[in-house]
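Asks: next input, structure requested:
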Amino acid sequence: MLEVAVIEDPAAAEVSLDPVRSRLLAELVRPASAATLAAKVGLPRQKVNYHLRALERHGLIELMEERRKGNMTERVMAATAASYVISPVALAAVAPDPARSPDQLSARWLLALAARLVRDVGELVTGATKARRRVATFAVDGRVRFASAADRAAFAERLAEAVTALAGEYHDETAEGGREHRVIVALHPQVKTETSDISDFRES
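Replies: Have a look, this model is predicted:
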């Protein structure tokens with residue numbers, strides 16, 4: 001089972017977003033039969049089977065084994081991944097384009113960058129999985145608490161300078177056999193889990 005799978009097909013995305021099917025996907029992190037699932041989610045086995053066929057048809061679950069029970073064959077299914085990400089490829093006609101209105105201080109532009117990141121890395125992961133290879137990526141996830149908006153602005157300026165200098169040091173336009181990599185650095189307020197101050201979400 002994959003840790004994360006990328007959904008690029010619009011029909012598969014629609015199937016996965018159905019509340020009942022989403023619940024079944026979550027339950028199928030551990031292999032189970034329709035009868036077992038029916039007891040857990042409180043639906044008739046025939047109804048569960050209907051949803052399982054839809055999930056299987058789109059590659060979101062797979063057959064693990066078949067067990068003979070009397071005159072019936074019980075199919076044990078499992079999710080193909082522990083979690084799923086829907087790529088903007090599934091909504092290609094309305095997917096955000098960061099090139100349309102680049103603005104370093106816009107939260108919506110950051111969202112467009114994040115959508116492109118999901119799309120690009122999703123395609124890389126899908127291709128690498130088929131080729132049984134790993135994708136060369138790197139990420140940093142951290143937190144910083146600023147005393148003031150001025151400190152935040154100064155931090156952003158210094159961060160931009162440092163990244164630009166580092167990229168300039170290693171970028172080689174003439175390198176034969178070299179491969180371009182995209183660098184994205186983001187800074188946004190930490191989302192609060194219970195109550196949120198609206199000022200934390202005000203777009204510049």
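Asks: mind giving me the packing neighbours of the helix or strand Thr126 falls within?
Replies: If you go by DSSP states H and E, Thr126 is part of helix 107-131. Judged by 3 or more Cβ pairs under 8 Å, 6 or more residues apart in numbering; DSSP states H and E, helix 107-131 is in contact with strand 2-7. Yep, even glycine has a C-beta here, placed from its N, CA and C like the rest.
Asks: can you give me phi and psi for Ala11?
Replies: The phi/psi pair for Ala11 (degrees, to the nearest 10) reads phi -70, psi -40.
Asks: can you give me the neighbour number for it?
Replies: By other Cβ atoms under 10 Å, 12 other residues sit near Ala11.
Asks: quick check: it touching Leu55?
Replies: No: using Cβ atoms under 8 Å, Ala11 is not in contact with Leu55; the gap is 11.6 Å.
Asks: please enumerate the helices of the protein.
Replies: For the chain, applying DSSP state H gives helices covering 10-17, 19-27, 34-41, 45-57, 107-131, 149-170.
Asks: need those helices in TSV with distance to Glu176, can you?
Replies: What follows is those, written out as TSV (distance: least, Cβ to Cβ, whole Å):
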stretch	distance to Glu176
helix 10-17	40
helix 19-27	46
helix 34-41	55
helix 45-57	46
helix 107-131	22
helix 149-170	16
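Asks: model confidence for the residue sitting nearest the centre point of the chain, exactly?
Replies: Note on the chain: the residue nearest the mean C-alpha position is Val85, at 3.2 Å, using Cα atoms, centre = their mean. With respect to pLDDT, Val85 scores 93.
Asks: what about His58, distance to Leu17?
Replies: 12 Å (Cβ to Cβ, to the nearest Å).
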